[in-house]
Structure formats: structure tokens, C-alpha cells
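Asks: build the 3D model from these lines:
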Amino acid sequence: MIYRKLAIVAQLVSIVSCIAIGLYEETFIDSVYGELVASTESNNYKQELLYNGELTRDAKYDRITETSKIDLSQFDPTDIGSFQQVLDMYHLSQKSNMHQKHNDLYYEKSHESYWKYRPKVHFPDDDDTSDIYDEAHNIFGGITTYGHFKHFNCFDPKLFDEKIDIAVVGAPFDTGVSFRPGARFGPDAIRLASKRLGGVSPDRGRGNPNTNMTEINPYDPRSHNLSIIDCGDVPMTPFDNRIALNQLYRGQRSIHKHASGHKPKIITMGGDHTITLMALKSAYEQYGPLSVLHFDSHIDTWDPKKLGGGITNYMSLNHGTFLHYAAEQGYLNKGSCFHLGMRAPYIDYHYDLHHDKHHCGFNTITARDLDNLGRANIVESIKQAVGSMPVYISVDIDVLDPATAPGTGTVEVGGWTARELLSILDGLEGINVIGGDVVEVSPPYDTNSGITALAATGVIDSIMGLIMVKTLPAHAL
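Replies: Residues are numbered from 1 along each chain as shown. Take a look at the predicted model:
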């Protein structure tokens, strides 16, 4: 008989521990972290809510009393102290029989442990895979695509009927550099850094009461009807720049052939900045002359006689001369193109300045002009210049200060912060962006945290937002 009473009291002990964190209707925090977050004050607060009818008793309390056949009518379930007398009797009896105390304590603690660490997860049916077949929810694993977007071979003519509204494509090329290599590994690093992308930043569209940027989440198909695809990397040979760049051009051209209600828009991940020439060529064939917004610490319109070409004709096309060739081939809307964030020295000051403005048709906003003119004035001057013309945005990650983006080939001190760059990009909402790129991310020179690649994902996110608000019909926003 005494053992039966002791067993009952042992169950009461477990009930008391349940009362402390589980007598009341559970919230998520109660069920998982109840013992961690509960306090005397919070329990008293919940008792008051229970008295007032604002909180209900947890169903498991009733299950305990039903399965144990214990009559608890003499106890006030809202008063933990009402059990104290029974507990004192229990502990007193324990002292009289050490052997029995050992045995009963084992069962008491086992029972208490069950309620404290009882399973709280409910597994799906064994054949239910609904939570594991969607790669978008696999943040740390899975095949890495940019932003977890879907992937297929965009270069296969048999798949040209597959819809592409926005394509992200890699250009693993860095044999056009003049200093540090490594940008061929940029696309992989940017994809890896993009694993956490999702949602809409509260900074997006700030200061613009008419913004549509907050209405679109590129990573949630429920917020739009666009087909966004990671096309993978264009295979580019490292042995001959002419062949490699032609491969990239044919890859870009094939993406532009895909079915789309809006013409496919391409965002390219470099690679060194030479790759932009082929992206411009393919976009020019689709849209005509382009207004290029060139975010870079360097001018990149150098006359080949001044950079590379004076040594060998083969190297006359490189990451510092590609815009010279773009202008020469008629790809650019001269007079509506901008260098933004520029600060690197000219090779030949007067010659380079004249060549850039009169031969290539660029306006220049230097890094320090942001301090003098302010973001709003810079954004407004760009919008007025480009109007409704097709705009291509090319961002060399070295436009950022080395403190923000050390992982690049040709760093220059005194650059913009990531916040300043993204603020300018987001401020351009409404212009007709038809494509863009982020280039010169060189992972071998990045930090262990990959902050340069992370900055590149922010840039792509902004460019994609600009494309989407212009591409989607107004009723879809």
C-alpha cells in the first residue's frame, strides 16, 4: 500500500514539474524552451491569465490525471504551492527507507525526465517527401545555383522553347587581366554566397513613396510570374582569349533565343571585365545601342595603344580596353553612358580624358563626387540622361572600397561602401534595365568570410529588382 502511495506521489512530482512550464496552453516557446525562459514572475503572470479566463489549461494536464487515476480535486491546479504538503510527506518517507528511496528516486527521475525531454516532433508519413524535394529550402546543401533558382542547359537548341525571363549565367574567364588573376572562380563563389538570399530588404525602395521594389521577391515565385533560371557557366577555354570570348558570345546569344514574353534579360557573373564586351554585343543585337552604367574604379575605355595593344595586338582587348571596342563597334548610346565611382589614375591624363569623353561618349562621376553631389543628385542625373533607352549595368566589384571588397584583382583605395552602391542602384528604379553583370570577384584574395562575393550577391539582387519592376506589368505589382 505504501508503495502505491509513493508511486502516486512520484507522479505528483512530475505533475508539479509540468505545472512549472506546461500546465498552461503551450506556445512554441513554451514547448521547446519552456524551462529555459520560465520564471516565478512569468508563472505568476500565467496564473493570473488562467484565473481571468485568458489562458486555458494544457490538455496534457488532463491526460496525466486521466491516465494516472489520481483524484486531484483537492488540489488547486493554478497554485503550485498546494502540492507542497504532499511533496513534503513524500520526501519524509524517502528518508525512512534508503533502499526504497534509491529505487523510487530512479523511477521518479525517469518519469520526470520523460516529461522534460519528451519527443516534440511529429514526423511526416514515411512516403511524404514534400519538404525535401524543393531545393529552395536546402540552405546549406544541395546543388548550388544562384539564389536556389532552377537550372537547365540554356545553351542546348533543343530547349530553346523553355521560357526564360531572367537568366543568371557564369563567365569563368580571367586571362584578360593586367594584375591579379582568380576571377575565373568568381561565379562559383558568388553562387555559394547567394545561398542565404531570400525575401525583400526593408532598405529596398526607401525614400520613394511610389516604389514597387518592396512588392517583388525574386526568390518567391508567388510574388511574380517570371521564369528566373541559373544557366550555369558558359564553358570558356583558358588557352585562347579569342575562342573563349566567342564561346561566351554564343552562350549569351543562345539565351536570348529562348521563349519569353519580355525578351530574356541576362545577368552575367564574371570573370574579369573583358567578358562585358560579349554581353554587350549580344544585348545590342536584341535592343540596339545601349546606355551603359559602368560602376568601376577604373576608366576601362583606354585606347589599346595605351594599355596592352602597344605590346601585342593579341592583348589589345583586355579588361581595361573593352569599352573602347564597345564604342568603336557602335554598341553604346554615346552621351548617355556613365562611369560611376571611378578613382584610379589615368595612364595619360589629358589623352585618356579626351578619348573617354569624345571617342567613347562617357560621363564621369568619381568616387568623391558622391560626397559633393549626394546620392539623390547622382541618381537624378543618370535618370535624365538615359530616359527610356535600354540600359546595361556593369559593376566591377572594385568600385567598392578594399575594406568592403578585398577579393578582386586591381584594388584601389577610397571606394564606395556597399551601402552607398546599393542605395544608388535601388534609386534607379524605373529605368529600362535590359541586362547587367558583376565582374572581377577573385575568391583567392577574398576573406575567409567571402565578403566580396557576398557584396556581389547584393549587387545582383538590386539589378534583378530593377529588371523585374520594369518587366512585370503594373497590375502584377
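Asks: name the helix or strand for the closest residue to F322 other than its chain neighbours, please.
Replies: Using Cβ to Cβ, 6 or more residues apart in numbering and skipping the chain neighbours, the partner closest in space to F322 is L277 (4.1 Å). All C-beta atoms are positioned from the backbone trio N, CA, C, and that covers glycine. L277 is located in helix 276-287, with elements delineated by DSSP states H and E.
Asks: any idea which helix or strand comes after that helix?
Replies: From helix 276-287 onward toward the C-terminus, using DSSP H and E, the following helix or strand is strand 291-295.
Asks: any idea how far that next one is from the chain center?
Replies: Mean C-alpha position of strand 291-295 versus that of the full chain (Cα atoms, centre = their mean, to the nearest Å) differs by 24 Å.
Asks: what helices and strands are in contact with the next helix or strand after it?
Replies: Along the chain past strand 291-295, the next helix or strand (assigned with DSSP H and E) turns out to be helix 322-328. Counting contacts by 3 or more Cβ pairs under 8 Å, 6 or more residues apart in numbering; DSSP states H and E, the secondary-structure elements packed against helix 322-328 are helix 276-287, strand 291-295.
Asks: again, only this time at 10 Å
Replies: Contacts of helix 322-328 with other secondary structure elements, assessed using 3 or more Cβ pairs under 10 Å, 6 or more residues apart in numbering; DSSP states H and E, are made with helix 276-287, strand 291-295, strand 337-342, strand 390-396.
Asks: may I see the buried residues of that helix?
Replies: 322-327 (16 or more other Cβ atoms under 10 Å).
Asks: ditto for stretch 234-243
Replies: Within stretch 234-243, the residues scored as buried using 16+ other Cβ under 10 Å are 234, 236, 241.
Asks: S260 and I166: what is the separation?
Replies: Note on S260: its distance to I166, by Cβ to Cβ, to the nearest Å, is 9 Å.
Asks: between the two, which one's more packed in?
Replies: I166 (23 against 19; other Cβ atoms under 10 Å).
Asks: can you spell out which residues form a bridge with the more buried one?
Replies: I228, K265 (DSSP bridges).
Asks: verify the contact between it and T268 for me.
Replies: No: using Cβ atoms under 10 Å, I166 is not in contact with T268, being 11.8 Å away.
Asks: joint contacts of those two?
Replies: Shared contacts of I166 and T268, defined by Cβ atoms under 10 Å, 6 or more residues apart in numbering, comprise G435.
Asks: is D230 part of a helix or strand, or is it coil?
Replies: Going by DSSP: H, G, I helix; E, B strand; the rest coil, the secondary structure assigned to D230 is strand.
Asks: wait, what's in contact with the residue lying closest to it once chain neighbours are set aside?
Replies: With sequence-adjacent residues excluded and distances taken as Cβ to Cβ, 6+ apart, D230 is closest to T145, at 4.0 Å. Residues counted as contacts of T145 (Cβ under 10 Å, 6+ apart) are 135-136, 151, 168, 191, 194-195, 229-232.
Asks: and for F239?
Replies: For F239, the contact set (Cβ under 10 Å, 6+ apart) comprises T175.
Asks: find the residue at the geometric middle of this protein.
Replies: By Cα atoms, centre = their mean, the mean C-alpha position of the chain lies nearest to L197, the distance being 1.9 Å.
Asks: how near is that one to D165?
Replies: For L197, the distance to D165 - Cβ to Cβ - is 18 Å.
Asks: and if you look at N318?
Replies: 33 Å.
Asks: what does R206 give?
Replies: For R206, the distance to D165 equals 26 Å [Cβ to Cβ].
Asks: where along the stretch 51-200 of the chain do the strands fall?
Replies: With DSSP state E, counting those that start in this stretch applied, the stretch 51-200 of the chain shows strands at 150-151, 166-171, listed in chain order.
Asks: which of these is buried the deepest?
Replies: Burial among the strands of the stretch 51-200 of the chain, expressed as mean neighbours by mean count of other Cβ atoms under 10 Å, is greatest for strand 166-171, which shows a mean of 25.
Asks: got the angle for it vs helix 276-287?
Replies: Angular relation of strand 166-171 and helix 276-287 on a 0 to 180 degree scale: 150 degrees, by axes from the mean of the first three to the mean of the last three Cα atoms, to 10 degrees.
Asks: packing partners of strand 166-171?
Replies: Identification of packing neighbours for strand 166-171 by 3+ Cβ pairs under 10 Å, 6+ apart yields helix 186-193, strand 228-233, helix 241-256, strand 265-270, helix 276-287, strand 432-439, helix 451-471.
Asks: can you select the buried ones among the contacts of T145 for me in ChimeraX?
Replies: Command for ChimeraX, covering only those of the contacts of T145 found buried under the criterion 16+ other Cβ under 10 Å:
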select :135,151,168,191,194,195,229,230,231,232
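Asks: from the contacts of T145, which has minimum pLDDT?
Replies: Within the contacts of T145, pLDDT reaches its minimum at A136, with 53.
Asks: buried set for the helix holding L277?
Replies: Within helix 276-287, the residues that count as buried by 16+ other Cβ under 10 Å are 276-284, 286-287.
Asks: so what does it touch, helix or strand wise?
Replies: Other elements packing on helix 276-287 under the criterion 3+ Cβ pairs under 10 Å, 6+ apart are strand 166-171, helix 241-256, strand 265-270, strand 291-295, helix 322-328, strand 390-396, strand 432-439.
Asks: could you rerun that using 7 Å?
Replies: helix 241-256, helix 322-328, strand 390-396, strand 432-439 (3 or more Cβ pairs under 7 Å, 6 or more residues apart in numbering; DSSP states H and E).
Asks: for the third one, give the mean pLDDT please.
Replies: Meaning strand 390-396. On average, strand 390-396 scores 98.
Asks: for the helix or strand following it, the distance to its chain's centre please.
Replies: Remark: after strand 390-396, the chain's next helix or strand is helix 418-427, criterion DSSP H and E. Computed by Cα atoms, centre = their mean, the separation of helix 418-427 from the middle of its chain amounts to 16 Å.
Asks: A344 contacts E412, doesn't it?
Replies: Yes: using Cβ atoms under 7 Å as the test, A344 is close enough to E412 to be in contact (4.7 Å).
Asks: anything in contact with each of these two?
Replies: Counting by Cβ atoms under 7 Å, 6 or more residues apart in numbering, the contacts common to A344 and E412 are S297.
Asks: which segments of the protein make up each domain?
Replies: Structurally, the chain divides into domains by the TED database as follows: 2-120, 145-471.
Asks: of all the ones you listed, which one is nearest T129?
Replies: Ranking those by distance to T129, with Cβ to Cβ as the measure, places domain 145-471 first at 17.4 Å.
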